[in-house]
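**Q** Below is the structure, and that's it, no one-letter string:
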Ligand SMILES: Cc1cc2nc3c(=O)[nH]c(=O)nc-3n(C[C@H](O)[C@H](O)[C@H](O)COP(=O)(O)OP(=O)(O)OC[C@H]3O[C@@H](n4cnc5c(N)ncnc54)[C@H](O)[C@@H]3O)c2cc1C
């Protein structure tokens, strides 16, 4: 896992050197200063070329854009270039054992002590926690305020004394996420992003990006998987004919393509609407629901097409693509949970987009 | 027919449930799934003492002589407990195959199985992973008094735990069934890493492997189709049991997990997921018990009923697993949570004894023509 990660990090470094890591990011912070649409076109070209994804997914996709929007000039200069170059990998410290869907109910605290905040508490399900250099953390700084009002968004160096990272094994067998424990962790108050006690607004910025833009980089991965599945159906023969000539298989592939294409177009439309505005709106939930549920259906389709060979895991000589499909299938189950569950996304659409009354 | 279990069946179900709760709790499942065979000889012996290893064997052969519905009731509990090891392979697959052979073969192979001294499985499908015997290429040739096998079998369940394996092979163009001892087959057995660690699958290579002929021709073909029907019903019953356990775990979680200052079960989105899981589980149960009944009474529609149960249970178990994980949120995505172990079993079961697409085709042949 670490080896593969270092490979992706080196790849992102090369993109950065060519000015391709942050196509739509301002030039002064290491980006290319182009439009979001151009960024999307670039990502599509990457997909077409079967390029691997980048390493610093959360840094580039969610946390960087939040810093661009809310950060001070100093923060932007300090953090953004290293996010793009993958020199500093980021993780997102929002969820807690008792604050998942209700993330604003979080209980980790930070109290001011001179020019530092002292952080205590626990975070959970932190993707990239095992490699992260920095963490975008949301903590409670005013316990007496209503739950959305007393939060602060702070950038924490993962090498600070008092942080413990414990890997969590996920159902797919690997440990891509971790638990983070903070015990008297001192962080400069200068690392607060936005204002103290106004962290919810900043956190929402990250969440909106998570819903809306994470999909763009995911398109690459999805397109690669789709193309690979098509290629496999040309190679695998059933009753003397390649699977790609089987009527049922063709229907399934065509359906997957249709959904992938609609996803891409949804993405394009949302980006042209967003260009300039900076923070995506609640309709980003459509994208989140779409990519996560598409991927689950696609992986199921792949399983149906590949049959029992598709369920063989890494380490089996007969496993298709070294077990990637078995892993992919299991991993998709997290898609409708991470970055806000499908139920929460639908609540957001119902309430914030369609104006239906809030039910809780 | 009655659509409810009778008193004897209920009693059997209850004792199986209690036995498995005591002898095979989840901690034991997790321990066994990390071993090479997922088989525990001590547990096996205790199941034999219950008479389960001879559950569907005739009384004159030392079995309990139970019918398919009773068998389904026990397998449902096994699926619920996620019982690891070769019980299904032995009792519902290899057993019926050997039981169709002559009395000498029964004495040699069936009796030790019933007595709990041997486990067994059957090696049927090959590289193509197709369940239609017409596509199987492994062949047998006479060798002195016995036979030798050549070929390769894939996705053989529990081969490593089995003292003998029933192998389907062509003998002068005819379908035939052979018994191969673990000692002869041993070196050709190689583990495939399937998703379901509680039921390991293997590749088996035969390169002039000595084998004993059990039966051939029409007798072998009939035995095969009957045994596969029995095994499919047992599997679908297990799947239903697995679903009901996932449902139970999920509802319990929805009643205790709190978000937004209330239990998540209060949100209708969560309630509806649980309600769907219930609907699928109960529907699967209807399909499975009817298939068991139809097979037991040898009704003309038995084969279709078995396929209906398999198709329905396959999708239902997977969807129940999907919702079960979803309601558990991040917790559901962890290794530590038990739901994914059932999910892995669901996935493997979907492929076993004919994928959903195969069974749909079988149904279509009956009802469409
Ligand atoms: C693979 C993966 C990676 C992740 N990475 C990160 C990360 O990097 N950083 C981070 O901070 N977090 C991360 N998470 C955590 C993720 O954001 C949470 O798991 C998610 O928000 C759900 O919270 P929970 O797990 O506490 O589930 P819960 O909130 O307890 O939800 C349980 C169930 O109840 C439902 N539910 C809850 N409230 C409502 C409601 N109001 N209406 C209807 N249904 C409701 C949910 O939809 C779900 O089905 C990750 C999770 C996964 C699975």
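**A** Okay, I see it. Remember, it's a predicted structure, so these values are computed and weren't measured experimentally.

**Q** contacts and neighbour counts: CA atoms only from here.
**A** Noted.

**Q** Do a quick rundown of the helices in the chain.
**A** All of this is about chain A. A:2-17, A:36-48, A:57-58, A:64-70, A:73-84, A:199-235, A:247-274, A:284-306, A:324-332, A:342-348 (DSSP state H).

**Q** nope, chain B
**A** For chain B, applying DSSP H gives helices covering B:7-23, B:26-33, B:41-49, B:68-81, B:87, B:95-99, B:103-105, B:111-114, B:182-185, B:218-256, B:268-296, B:302-332, B:339-351, B:356-367.

**Q** what is the mean pLDDT for the shortest one?
**A** In this model, helix B:87 has a mean pLDDT of 98.

**Q** what comes into contact with it?
**A** B:53, B:119 (CA atoms under 8 Å, 6 or more residues apart in numbering or on different chains).

**Q** Which residue ranges make up each domain of chain A?
**A** A:2-89, A:91-197, A:214-353 (automatic domain parsing).

**Q** can you give me the mean pLDDT across the longest one?
**A** Just to be clear, that refers to domain A:214-353. Computed over domain A:214-353, the average pLDDT equals 92.

**Q** can you tell if it touches the ligand?
**A** Yes - Domain A:214-353 comes into contact with the ligand (CA under 6 Å from any ligand atom), by way of A:334, A:337-341, A:343-344.

**Q** chain center to that domain: distance?
**A** Taking CA atoms, centre = their mean, to the nearest Å, one finds domain A:214-353 lying 15 Å from the centre of the chain it belongs to.

**Q** Repeat that for the shortest one.
**A** Remark: domain A:2-89 is offset 13 Å from the chain centroid, using CA atoms, centre = their mean.

**Q** Spell out which residues belonging to the stretch 151-300 of chain B are near chain A, please.
**A** B:155, B:191-195, B:258-260, B:269 (CA under 8 Å from any CA of the partner chain).

**Q** change it to 6 Å
**A** B:192-195, B:259-260 (CA under 6 Å from any CA of the partner chain).

**Q** Make TSV out of the residues you listed and add distance to the ligand, pLDDT and neighbour count.
**A** Compiled in TSV, those are given as follows (distance: CA to the nearest ligand atom, whole Å; pLDDT from 0 to 100; neighbours: other CA atoms under 10 Å in any protein chain shown):
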residue	distance to the ligand	pLDDT	neighbour count
B:192	27	96	23
B:193	23	95	22
B:194	22	96	27
B:195	19	96	26
B:259	6	98	18
B:260	7	98	15
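
**Q** Figure out which of the helices of chain A is closest to residue B:280.
**A** helix A:284-306 (18.3 Å; CA to CA).

**Q** Show me which positions of stretch B:43-62 end up buried.
**A** Within stretch B:43-62, the residues that qualify as buried are B:44-45, B:47-48, B:51-57, B:61, counting by 16 or more other CA atoms under 10 Å in any protein chain shown.

**Q** If you could redo that for stretch A:252-263, that was the one I meant.
**A** Those would be A:252-253, A:256-257, A:259-260, A:263, for stretch A:252-263 by 16+ other CA under 10 Å.

**Q** do the same with stretch B:165-177
**A** B:165-171, B:175-177.

**Q** For residue B:123, grab the count of nearby residues.
**A** 26 (other CA atoms under 10 Å in any protein chain shown).

**Q** where's it relative to residue A:323, distance?
**A** Distance, residue B:123 to residue A:323, by CA to CA, to the nearest Å: 23 Å.

**Q** residue at max distance from the center of the chain?
**A** Let's take chain A. Distance to the chain centre peaks in chain A at residue A:240, reaching 42.3 Å (criterion: CA atoms, centre = their mean).

**Q** if you could check chain B rather than the one you did, that'd help
**A** Outermost residue of chain B (CA atoms, centre = their mean): residue B:261, 43.1 Å.

**Q** Got the confidence number for that one?
**A** 97.

**Q** List the contacts of it.
**A** Shown in contact with residue B:261 (CA atoms under 6 Å, 6 or more residues apart in numbering or on different chains): no residues.

**Q** Could you rerun that using 10 Å?
**A** A:102, A:105, A:360 (CA atoms under 10 Å, 6 or more residues apart in numbering or on different chains).

**Q** same question, residue A:273
**A** Here residue A:273 is in contact with A:267, A:280-281 (CA under 10 Å, 6+ apart).

**Q** Tabulate those (TSV), appending distance to residue A:98.
**A** Output for the contacts of residue A:273, formatted as TSV (distance: CA to CA, whole Å):
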residue	distance to residue A:98
A:267	32
A:280	27
A:281	26
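
**Q** looking at those, which has the most residues close by?
**A** That'd be residue A:267 among the contacts of residue A:273, by other CA under 10 Å, with 24 neighbours.

**Q** That one reaches residue A:280, doesn't it?
**A** No - here residue A:267 lies out of contact with residue A:280, judged by CA atoms under 10 Å, at a distance of 11.5 Å.

**Q** how about the residues of the stretch 101-250 of chain A near chain B?
**A** A:101-105, A:124-125, A:168-175, A:177, A:236-239, A:248 (CA under 10 Å from any CA of the partner chain).

**Q** filter the contacts of residue B:261 to the buried ones?
**A** Counted by 16+ other CA under 10 Å, these give A:102, A:105 as buried.

**Q** Any idea how many residues pack against residue B:253?
**A** 17.

**Q** do the same with residue A:158
**A** There are 21 residues near residue A:158, going by other CA under 10 Å.

**Q** Report the separation between it and residue A:92.
**A** In terms of CA to CA, residue A:158 sits 11 Å off from residue A:92.
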